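Colleague: 3D model of this:
(2 chains)
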Number of protein chains: 2
Amino acid sequence: MTSMKRHCCMALAVSGCLALACGLAFAQAGEDLNKMSLDANQWVIPLGDYHGTRHSKLNQINDKNAGKLHVAWSMSTGTLRGHEGQPLVVGKMMYFQSAYPNYVYAVDLDNIGKMAWKFAPEVDKLAPPVACCDLVNRGVAYANGKILMTTLDARVYALDAKTGKILWTVQNGDPKLGQTMTGAPLVVHDKVIVGISGGEFGVRGYITAFDLDTGKLAWRAYSVGPDEEMLFDPVKTIDGATQKPVGANSSLGTWEGEEWKLGGGTTWGWYTYDPQLNLVYYGSGNPGSWNPTQRAGDNKWSMTLFARNPDTVVAAWAYQMTPHDGWDYDGINESVLTDSRIGGATVPTLTHFDRNGFAYLLDRRNGKLLAANKFDPTVNWAERIDLQTGRPVVVADKMTKEDTNTKDICPAAQGAKNMQPVSYDAKTKLFYAGTNHICMDYQPFSVKYKSGFPYVGATVSMFPANNGDVRGRFIAFDSVTGQTKWAIDETFQVYSGALSTDGSVLFYGTLDGWFKAVDQATGKILYQFHTPSGIISNPITYMHNGKQYVAVLTGVGGWAAIGLAEGLTQGTEGLGAVGLTRSLGESTNLGGTLMVFSLD
Amino acid sequence: MTSMKRHCCMALAVSGCLALACGLAFAQAGEDLNKMSLDANQWVIPLGDYHGTRHSKLNQINDKNAGKLHVAWSMSTGTLRGHEGQPLVVGKMMYFQSAYPNYVYAVDLDNIGKMAWKFAPEVDKLAPPVACCDLVNRGVAYANGKILMTTLDARVYALDAKTGKILWTVQNGDPKLGQTMTGAPLVVHDKVIVGISGGEFGVRGYITAFDLDTGKLAWRAYSVGPDEEMLFDPVKTIDGATQKPVGANSSLGTWEGEEWKLGGGTTWGWYTYDPQLNLVYYGSGNPGSWNPTQRAGDNKWSMTLFARNPDTVVAAWAYQMTPHDGWDYDGINESVLTDSRIGGATVPTLTHFDRNGFAYLLDRRNGKLLAANKFDPTVNWAERIDLQTGRPVVVADKMTKEDTNTKDICPAAQGAKNMQPVSYDAKTKLFYAGTNHICMDYQPFSVKYKSGFPYVGATVSMFPANNGDVRGRFIAFDSVTGQTKWAIDETFQVYSGALSTDGSVLFYGTLDGWFKAVDQATGKILYQFHTPSGIISNPITYMHNGKQYVAVLTGVGGWAAIGLAEGLTQGTEGLGAVGLTRSLGESTNLGGTLMVFSLD
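Modeller: From the prediction side, this is the model:
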């Protein structure tokens, strides 16, 4: 790469220039990573591959022998808070990150008794108090001999994958303003793409690309605000709902006054990438405060899926799932890129299980809505998503407003699915998803912004759907037809990612600490093991020396188990998400541990 | 039990009366516990039985099949500091305690997915700063439907074993004075017997018996001081070394001035009990400061084994192992009660592997020294223990003195064995012991006492014996002959307890996190598993629903791994015990987890 080309990209970003100048000059790193991700022996991208399928072609462990799984080895992460990530396996090396204070470990799989290295960043102690939902982390990325990671205090690090030494580090936000980082980076070409958290602190969300080699800022795109800060092209950027150009400053007019400056739309979820289309897919979170009354309008582009060319930087399209949110239905969940059969044709689609309880099927070329099906039967805030307008048909009774306690809204703010990523098996054409089965009462109230303080403005009480004993379901779901093939009921939210494999066996974990292998065909439990702590992370699989392993981090916490994480389990029935899992402390304890399973 | 009898005992204690009045009135609880401990399906006493053998008659897991062991289930303790204890199994219930903040868990083995109860005491935050050597705990005791436990802030609790509810609680020391508690209680008859920690804070040690039903103080016996506070009888209490009565105020004259008031002799180790002799055995720790120059004399009865009748309260005998200590060779290690063949006769003995590197064999009826053999080949502070005088023949070069750095003393202060308890198999007549293989440089300096502040007065640097790569050995040892049958070398101190079984398989763990099953005959490793964290605790075994399990707490820390526990691993070569394990952080992380193993 030449410095001229780099300057070109920087200029684009800084000036808001939207022309397509940088092209594919730096495609090499991305191409390698894509190729590496096709080697099922490894797990080189947080979601398994660029398409985010979390599916492995390994089949040594299968539906016939999964009952004979055992723990092969284990390793404490030395921390107690929520672990929402997963290990990477690159060659014979494993890399994984703990919850705050965000240790990163490298283990040579030929010598598990000793760490190849450990990286213990100095994390600003201002960060934990402004982290909304426990002190979680979703893992490292790998590219070109580097480990890329984020820390709660909104720093990005590139480490030498061999030594753990810092190659560069850069600040991507300011904890004093409520900006934190919990997400895994996605590396595309020579860019390290990261999001930002802080939706409950009035943070205006953005994604940022840093140069893989130097850490220099390449570009930054806000989720709301003027076009030049969103890197939107009024003509070329398409509104997925209308399939028309978004027009000039499509965000600004959808807010009252300058509320967009506190506009939320943070970007703390998972990112996927289509190498053919050269588009990165990601979502934005809740708009500003949780009180819809104080922010009239659609509040674009909060609650939105974006497709963005990582080189030209321009957004190809944007599709807003929940205009004028009144429920905190962040749109940050992953978009899984698959081919779908629609009306006899094969369409390059994305499937996105949204917090709001609908599984969206979009044409990923242009954001056109193809289907939107409820994946939890209790969803009642909207009748349906109108395929013509692309907008939800909101049930008037379930729209929240200031100082009114709207009751029995499903799903709860924590979503019918939160960040726990699904898996997709192209053979069955089914998605496997850990989901939540929870509802809420929601009362917004007026809130004033103060820098670095919570900017929420709603009192929420969550409870199990139908006030039953089931708070989560692990489901096999068809995003084209909306059919649920089978579902496994769980006491608590299934806040773990799913893993599917060519062995016709699926894996997930439960909030109360069981790690389970499931018959893909029937949903029958083939194996379960009581791990040290609850699981809110994402199993992976890899092959080492001819043997297949499945690895998962245990370590309960996150929003799902915020009461346990913060020690608030006593006398908290009905307090936000805390009451929802009040009894969880009777079943599991905090504690970050890597657990690795194999056959004998 | 009548209130009159209780008053009688209290009066004895308060007045220092030494008459034999209370007798065996309350023997029922103790008899039950002894009987229960003979049922190999359970593990009802911290050391397995009153004799402290840590040997189980179970043999379902044996030297033929131990290679097929697997992890059956696991459970985080929710804490990160050192775990030096072990679970108890009473019927189908398991009970165990975490490191500070000393959570206690009850698990119904028929339903491991849910805790029967959890007890989270409020522990005074003044305690951690005055804990000498990490924030460890050595586990709970059981008796008569109660769980007895101690907390770091020197409280004793009796909990209802069914519900975890507090039945009584009592303060046994004051953290403001440096008094803490880390040990497991021993229940004998209707007494809960506990020790005290704080040897590095000028604490004058004592053991205390509380009434099992009420928590009322029954008696307290100091390790040093006037007879009436030590509960010594000048005539009836025998000096084990001389086999003569100790005489009046045998402690006071062995100190300079009033130094005895800061006389140490804390009692933080393991206790054993002989139901036939009705004697409790325990040891005392280092005398006052670590600077021998400022406390002339033998400093009795620091570094001493005591035999004490728990009902009459009087000490039957006392044997001082390390008079006028200059090395911090605390005498608190467990005394295992066995029969030994001595000169053709069967003698009721105790075997005590002392910190000072000698394995003492005493006649446990009278404290008479029968043998004292070096169990680590490097021991060099004393040539031998003179069997006539009962005193060590100290190597003059290795006696420390103020402001002189005495080099290459073996063992180091941490001892050739620390608190990690041994096991004994009556069939092989061998002891199995995790030992340390470490030496030190030791420079005493003058120190002034200030209440609640460290009262140490020595700069110590520890290192591996022979400056090699072996810091610990797991050995099979004959305490009568002094022969080591075999030894397994380990990189780090073997700070885990030993477990032997009738399956001819032994169990122990390593500081870097490996749990190992060993062929009793040969010392060959039959199975090893990489647990979440380093092991400084003590494996136990039990039978549940016809299946044998082996359980161990992982959770590195303690004095052995104080650098890792306190986060002091960088740039600390040669700093006390810290430098000794500077590299341990490359192999393991903090994290308390119960690991339970079984065959398929």
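Colleague: I figured A:Glu200 hits A:Tyr455, correct?
Modeller: Yes - shown here, A:Glu200 and A:Tyr455 form a contact pair, counting by CB atoms under 8 Å, at 6.6 Å. In this view, the C-beta of every residue, glycine as well, is placed from N, C-alpha and C.
Colleague: hey, what's in contact with both of these two?
Modeller: Taking CB atoms under 8 Å, 6 or more residues apart in numbering or on different chains as the contact rule, A:Glu200 and A:Tyr455 both touch A:Gly178.
Colleague: the closest residue to chain B within the stretch 51-200 of chain A bridge partners, please.
Modeller: Chain B sits closest to A:Ser76 of the stretch 51-200 of chain A, with a gap of 2.9 Å, by CB to the nearest CB. Applying DSSP bridges to A:Ser76 gives these bridge partners: A:Thr593.
Colleague: model confidence at it, what's the number?
Modeller: pLDDT for A:Ser76: 98.
Colleague: would you agree it is in contact with A:Gly555?
Modeller: No - between A:Ser76 and A:Gly555 there is no contact under CB under 8 Å: 9.5 Å.
Colleague: mutual contacts of these two, please.
Modeller: Contact criterion CB under 8 Å, 6+ apart; residues shared by A:Ser76 and A:Gly555: A:591-593.
Colleague: and stretch A:478-497, how far apart are its ends?
Modeller: End-to-end distance of stretch A:478-497 (CA to CA, to the nearest Å): 17 Å.
Colleague: and stretch A:274-285, by the same measure?
Modeller: Start-to-end, stretch A:274-285 (CA to CA) is 22 Å.
Colleague: what sits up against the helix or strand containing A:Phe306?
Modeller: Assessed by DSSP states H and E, A:Phe306 sits inside strand A:304-308. With contact meaning CB under 8 Å, 6+ apart, strand A:304-308 is reached by A:207, A:221, A:223, A:231, A:240, A:265, A:277, A:279-284, A:314-321, A:331, A:335, A:350, A:352, A:360, A:362, A:364, A:367.
Colleague: buried ones among the residues you listed?
Modeller: For the contacts of strand A:304-308, a neighbour count by 16 or more other CB atoms under 10 Å in any protein chain shown gives the buried set as A:207, A:221, A:223, A:231, A:240, A:265, A:279-284, A:314-321, A:331, A:335, A:350, A:352, A:360, A:362, A:364, A:367.
Colleague: write out the residues of the stretch 51-200 of chain A neighbouring chain B.
Modeller: Residues of the stretch 51-200 of chain A that fall close to chain B, judged by CB under 8 Å from any CB of the partner chain: A:70-71, A:73-80, A:103, A:112-115, A:118.
Colleague: okay, buried residues for stretch A:229-240 please.
Modeller: Applying a neighbour-count criterion of 16+ other CB under 10 Å, one finds A:229-233, A:236-240 buried in stretch A:229-240.
Colleague: which of the residues you listed fall within helices?
Modeller: Within the buried residues of stretch A:229-240, residues falling in helices by DSSP state H are A:229-230.
Colleague: could the buried residues of stretch A:229-240 be laid out in JSON lines, adding pLDDT and distance to chain B?
Modeller: Putting the buried residues of stretch A:229-240 into JSON lines (pLDDT from 0 to 100; distance: CB to the nearest CB, whole Å) gives the following:
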{"residue": "A:Glu229", "pLDDT": "98", "distance to chain B": "42"}
{"residue": "A:Met230", "pLDDT": "98", "distance to chain B": "42"}
{"residue": "A:Leu231", "pLDDT": "98", "distance to chain B": "42"}
{"residue": "A:Phe232", "pLDDT": "98", "distance to chain B": "45"}
{"residue": "A:Asp233", "pLDDT": "98", "distance to chain B": "49"}
{"residue": "A:Lys236", "pLDDT": "98", "distance to chain B": "50"}
{"residue": "A:Thr237", "pLDDT": "98", "distance to chain B": "47"}
{"residue": "A:Ile238", "pLDDT": "98", "distance to chain B": "48"}
{"residue": "A:Asp239", "pLDDT": "98", "distance to chain B": "48"}
{"residue": "A:Gly240", "pLDDT": "98", "distance to chain B": "44"}
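Colleague: tell me which of the buried residues of stretch A:229-240 is nearest to B:Glu490?
Modeller: Sorting the buried residues of stretch A:229-240 by distance to B:Glu490 puts A:Leu231 at the head of the list, at 58.3 Å, by CB to CB.
Colleague: which non-adjacent residue is nearest the closest one?
Modeller: Once flanking residues are discounted, A:Leu231 sits nearest to A:Ala221: 4.2 Å by CB to CB, 6 or more residues apart in numbering or on different chains.
Colleague: likewise A:Pro234?
Modeller: Once flanking residues are discounted, A:Pro234 sits nearest to A:Ala248: 4.2 Å by CB to CB, 6+ apart.
Colleague: so where's the stretch 501-600 of chain A shaky on pLDDT?
Modeller: Filtered on pLDDT under 70, the stretch 501-600 of chain A yields the residue ranges A:569-575.
Colleague: ok, A:Ser587 - contacts?
Modeller: Counting by CB under 8 Å, 6+ apart, A:Ser587 touches A:512-513, A:534, B:113-115.
Colleague: buried subset of those residues, written for PyMOL?
Modeller: To isolate the buried subset of these in PyMOL, counting by 16+ other CB under 10 Å, use the following:
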select buried, (chain A and resi 512+513+534) or (chain B and resi 113+115)
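Colleague: would TSV of the contacts of A:Ser587 with secondary structure be doable?
Modeller: Output for those, formatted as TSV (DSSP: H, G, I helix; E, B strand; the rest coil):
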residue	secondary structure
A:Asp512	coil
A:Gly513	coil
A:Gly534	coil
B:Gly113	coil
B:Lys114	coil
B:Met115	strand
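Colleague: wait, which of the contacts of A:Ser587 is closest to A:Ser598?
Modeller: The closest of those to A:Ser598 turns out to be A:Gly513 (CB to CB; 19.7 Å).
Colleague: what about A:Leu38, neighbour count?
Modeller: The tally of other residues near A:Leu38 (other CB atoms under 10 Å in any protein chain shown) stands at 11.
Colleague: all strands for the stretch 101-250 of chain A, in order.
Modeller: Counting by DSSP state E, counting those that start in this stretch, one finds strands in the stretch 101-250 of chain A at the ranges A:104-108, A:115-119, A:141-143, A:146-150, A:155-160, A:166-171, A:186-188, A:191-194, A:206-211, A:217-222, A:238-239, A:244-245.
Colleague: okay if I get those as CSV plus distance to A:Gly482?
Modeller: Listed next are the strands of the stretch 101-250 of chain A as CSV, based on distance: least, CB to CB, whole Å:
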stretch, distance to A:Gly482
strand A:104-108, 40
strand A:115-119, 44
strand A:141-143, 33
strand A:146-150, 35
strand A:155-160, 39
strand A:166-171, 43
strand A:186-188, 29
strand A:191-194, 31
strand A:206-211, 30
strand A:217-222, 32
strand A:238-239, 24
strand A:244-245, 27
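Colleague: how about A:Leu337: what's its closest non-neighbour residue?
Modeller: A:His51 (4.0 Å).
Colleague: what about the one you found, how many residues close to it?
Modeller: Counted by other CB under 10 Å, the residues lying close to A:His51 total 25.
Colleague: and the end-to-end length of stretch A:84-99?
Modeller: Note: stretch A:84-99 ends 8 Å apart using CA to CA.
Colleague: what of stretch A:530-543?
Modeller: The straight-line separation of the ends of stretch A:530-543 (CA to CA) is 23 Å.
Colleague: ok now it, how far from the chain's centre?
Modeller: 17 Å (CA atoms, centre = their mean, to the nearest Å).
Colleague: kindly report the same for stretch A:265-280.
Modeller: Worked out by CA atoms, centre = their mean, stretch A:265-280 lies 11 Å from the chain centre.
Colleague: before we move on, what about stretch A:194-207?
Modeller: 14 Å.
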